[in-house]
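Engineer: this one's structure only:
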């Protein structure tokens, strides 16, 4: 509710520890079949955002079926025993709804945005595909082409995507986080009907799903309807846990990609932490100090002062298992990547040695807090964030403690993390450029 | 989708900021009460108080934009936009960035063909600082030569980086340049590698003096503030500002293409072809807007659209296909686009053209029409949910001289579209398949010959530092 939300922000404005309102309005239940349903009413607009979080991603794949979780995401729109291929989308859109889905290493998330009057129709459609999905061989072949086209768009025709895939595959020697979520080309060409059937049976059970609804809803009625449509779907044995743990990295790994690119790319991937790790807020602030905005350290050093990069971004992965902390640099045409790498290394060494100033930490904290509140201004932002905390960060309740968690981070926390994680021996370095460049340097 | 799509390179963000302007308004939601105040020097101030969240969002638009770029110096307006936050008032670039970050504020600058835009988001408690920073950017930018050199070099590299990693975003840039030609709507907003290299600080300063001033400013502010106080703050900060030196002249309507032409951009390493087909469309104020939106939705504006059904769902040729209107003061373009692997390029273009022909020959059925209306109306409120969205919507209305009824009457207008209206706009506005500009980025060695069947072919290389053979 907006009225209560504003109270929380006023608390922020007076710079006390922030209270995020809404916790008391959120209703969460676990249905008899193990499905989690969480409802957060927000009556600002007459719409609803529904996110169905399924706990399966490329992390659950093995060689031969890489990319299958993502392909499966596509197949979830392609027909059930009661509805022909295409009917799901046609019915949904005819009720004013839009849908999408995404797959990551950890989860597959199905999203619907719709006028609240369409709730029951949406539930019926979602329950149907969760229970009665069917696979038409012709549609499988056609959808294979679609996914291959998606791969060509985001990887094969993108120097950025190609290098990212290579660095990720190199950063993990044991854990399936090294698998590209889109899938290796030979696997895209080879998935079978049986692969899909077995995947559906293993992972698409109600006890492996968390349904998040935010918007113009009455929680009691919504939960009653969720029971009506989803509770009859039988639960299944939980999927086998992922046993493999990535062994600690003992030395820097380097990969190079010779490409006919105008702008060289330089990417660093450090092993980081899981989403449930209590140090995650400190890591997020550390990343902001380094790359958020034109005043951030790496932007100053690499882009403004050194002029050896045209952009530097960071990305923190925090899923079920320890993910990567990425630093992604694009370099000016014709420049030597080693120069940019030298500037980057010097900044990280300075950080580990001298730590950060209180001013920098306060700045990053304010950026994080303001962005947190901005995310909560849309039903979509709330649904994404509520699901992230519930599924990947130890429970939705933690969302309401997020500002307090940022408040608690100290300069020492940040420096300790920088020393522990941002070490050369804990990273993989990827360099992409034309062959005229010497891409691989000596080990640092 | 997967994660690395969301970790997009900044160039991607820049281009999509320029290209992804949809001006949907709201469903049963009506324009909230707002105040419109015109200062004596011409500044137009638009205010909506929303006390639900203690955030304030603003959208400042300077009428003019890239259409006023000097001949051959494409990108001046966009460079000026970027330079506004690289030092202003008492703060140099670093100090400005530090001040902004210290309060968790966000400011984004950009240019479009018809405006320079600055948008911002601040916590309500920082409203005084917010107005100070904005007033400094607009009235006291340093326009420092060293900062310009850095920004210009980076912008050139952003284009190169986009050519390396994001071909799909480039087709509309080539398309608009080729379709509108020497008309100001053909100016590539971001500039080209060649035009940017020729820009010097005097170009930017001259643009600022001639085309930026109080009479060009529309300032829309939405959020948690007291209107009386905000009026005082804005009046105090802007009342003394001068007007722009050069009068703003209207744009003449562009001329639609009467036959089919092809621009082939050779990307020898690419494994897919990225294609875009377009012609001159409609203006912002076009009274047929609702019927046009309904037809565009069912043709290429949603997942089950005719175009996506053919190119993705039925054939698996592509990850996606869609169409859209780019509306301006005068008619902008209507275009549809997709991509497919090199070997199936002609098959996919043929299918896209046949689908457009089918729209003309078979028209639409009642079920599809009603579904498209429902879809448009169901999604409408999601585009006007936040203060930032309302700030942008109000500024757009003012920029194009539209009344709030443009928003408020939209639901009823869409709801009342009938088959006859759809038929009428298909005949009047949607181009025939033989009157289109076709842009293809792909392997020229494989495509050069077969593309000739579509019309005369002009060629560029992806590495050429221009968006048009005529630049």
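Structural biologist: Great, that's in hand. What you are looking at is a predicted structure, and each value in this text was computed from that prediction instead of being measured. Residues are numbered from 1 along each chain as shown, chains lettered A, B, ... in the order given.

Engineer: which ones are touching the residue in chain B that chain A sits nearest to?
Structural biologist: In chain B, the residue that lies nearest chain A is residue B:378 (1.9 Å; Cβ to the nearest Cβ). Backbone N, C-alpha and C define where each C-beta goes, glycine included. Listed by Cβ atoms under 8 Å, 6 or more residues apart in numbering or on different chains, the contact set of residue B:378 reads A:47, A:95, A:96, A:97, A:98, A:114, A:115, A:118, B:27.

Engineer: just residue B:220 next, same as before
Structural biologist: B:45, B:46, B:47, B:58, B:59, B:60, B:61, B:391, B:392, B:394, B:395, B:398.

Engineer: where does the residue in chain A that chain B sits nearest to sit: helix, strand or coil?
Structural biologist: Residue of chain A nearest chain B, by Cβ to the nearest Cβ: residue A:96 (1.9 Å). Per DSSP: H, G, I helix; E, B strand; the rest coil, the secondary structure class of residue A:96 is coil.

Engineer: repeat for the one 5 residues further on
Structural biologist: Under three-state DSSP, the three-state class of residue A:101 is strand.

Engineer: still on that earlier bit, host element of the residue of chain B closest to chain A?
Structural biologist: helix B:366-379 (DSSP states H and E).

Engineer: which non-adjacent residue is nearest residue 390?
Structural biologist: Looking at chain A here, since you left the chain open. Of all residues not flanking residue A:390 in the chain, residue A:396 sits nearest, at 3.9 Å (Cβ to Cβ, 6 or more residues apart in numbering or on different chains).

Engineer: my question was about chain B
Structural biologist: The shortest distance from residue B:390 to any non-neighbouring residue, by Cβ to Cβ, 6+ apart, is to residue B:222 (4.7 Å).

Engineer: give the bridge partners for that neighbour, please.
Structural biologist: residue B:48, residue B:57 (DSSP bridges).

Engineer: residues in the stretch 51-200 of chain B within reach of chain A, list them.
Structural biologist: Within the stretch 51-200 of chain B, the positions near chain A by Cβ under 8 Å from any Cβ of the partner chain are B:51-55, B:85, B:93-94, B:97-98, B:100-106, B:121, B:123-125, B:150, B:153-154, B:157-158, B:160-161, B:163-168.

Engineer: mark which of these are buried, thanks.
Structural biologist: Burial by neighbour count, 16 or more other Cβ atoms under 10 Å in any protein chain shown: within those this picks out B:52-55, B:85, B:93, B:97-98, B:100-106, B:121, B:123-125, B:150, B:153-154, B:157-158, B:160-161, B:163-168.

Engineer: follow-up on the earlier one: now the contacts of residue B:378 as JSON lines including neighbour count and distance to residue B:144?
Structural biologist: Supplementary listing: the contacts of residue B:378 in JSON lines, determined by neighbours: other Cβ atoms under 10 Å in any protein chain shown; distance: Cβ to Cβ, whole Å:
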{"residue": "A:47", "neighbour count": "28", "distance to residue B:144": "46"}
{"residue": "A:95", "neighbour count": "21", "distance to residue B:144": "55"}
{"residue": "A:96", "neighbour count": "24", "distance to residue B:144": "50"}
{"residue": "A:97", "neighbour count": "25", "distance to residue B:144": "50"}
{"residue": "A:98", "neighbour count": "17", "distance to residue B:144": "45"}
{"residue": "A:114", "neighbour count": "24", "distance to residue B:144": "50"}
{"residue": "A:115", "neighbour count": "25", "distance to residue B:144": "50"}
{"residue": "A:118", "neighbour count": "21", "distance to residue B:144": "54"}
{"residue": "B:27", "neighbour count": "25", "distance to residue B:144": "46"}
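
Engineer: can I get those residues in JSON lines with distance to residue B:193 and pLDDT?
Structural biologist: Shown next, in JSON lines, are those (distance: Cβ to Cβ, whole Å; pLDDT from 0 to 100):
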{"residue": "A:47", "distance to residue B:193": "43", "pLDDT": "97"}
{"residue": "A:95", "distance to residue B:193": "47", "pLDDT": "98"}
{"residue": "A:96", "distance to residue B:193": "44", "pLDDT": "98"}
{"residue": "A:97", "distance to residue B:193": "43", "pLDDT": "98"}
{"residue": "A:98", "distance to residue B:193": "37", "pLDDT": "98"}
{"residue": "A:114", "distance to residue B:193": "44", "pLDDT": "98"}
{"residue": "A:115", "distance to residue B:193": "46", "pLDDT": "97"}
{"residue": "A:118", "distance to residue B:193": "48", "pLDDT": "98"}
{"residue": "B:27", "distance to residue B:193": "43", "pLDDT": "46"}
